[in-house]
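**Q** Model the following, please.
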Amino acid sequence: MKRTYLGEFEEMVLLMVAILDGEAYGVTVSQELEQQTGRQVTFGTVHNTLIRLEEKGFVKSQLGGATAERGGRRKRLFTLTPAGSRAIQDIQELRTQLWQLVPPHSIKLAGL
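**A** Presented below is the predicted three-dimensional model:
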């Protein structure tokens, strides 16, 4: 089976695009990542990651409607592509397989 290789941050951003389900843009992804992980992220880092994921074919974007609160500017909304959906499924399967290989005593010894 061909594996999908993404960095940890790319994986989290991709998952957040799936979670936000059509409402994912740089600001919402940044805010949700901070809220869900406690990890402080910058808009620029998230935006660059979204663009990189789009170049890799895992997400696609389209411009939303202009809003007065944004000074008439339009949001670039991101959604998963079929390849992006497969990628997060592959990653979940791989992580599950690896966790099943960890001997129970290893986790107890580590205090987990």
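
**Q** What is the lengthiest helix in the chain packed up against?
**A** Using DSSP state H, we find that the single longest helix of the chain is helix 82-101. When contacts are defined as 3 or more CB pairs under 8 Å, 6 or more residues apart in numbering; DSSP states H and E, helix 82-101 sits against helix 8-20. Yep, even glycine has a C-beta here, placed from its N, CA and C like the rest.

**Q** elements contacting the helix it packs on?
**A** Contacting helix 8-20 under the criterion 3+ CB pairs under 8 Å, 6+ apart are the following elements: helix 26-37, helix 43-55, strand 74-80, helix 82-101.

**Q** So for Gly64, which of these sits nearest?
**A** With CB to CB as the criterion, Gly64 lies closest to strand 74-80 of the helices and strands packed on helix 8-20, at 4.3 Å.

**Q** Going by neighbour count, which residues of that closest one are buried?
**A** Counting neighbours by 16 or more other CB atoms under 10 Å, one finds that the buried residues in strand 74-80 are 75-80.

**Q** and what of stretch 79-91?
**A** Neighbour-count burial for stretch 79-91, with 16+ other CB under 10 Å as criterion, is recorded at 79-81, 84, 87-88, 90-91.

**Q** Skip the chain neighbours and tell me the closest residue to Val27.
**A** Of all residues beyond its chain neighbours, the one nearest Val27 is Phe43 (6.5 Å), with distances taken as CB to CB, 6 or more residues apart in numbering.

**Q** any idea of the mean pLDDT for stretch 18-30?
**A** Over the span of stretch 18-30, the pLDDT mean works out to 92.

**Q** Alright, that wraps it up for me.
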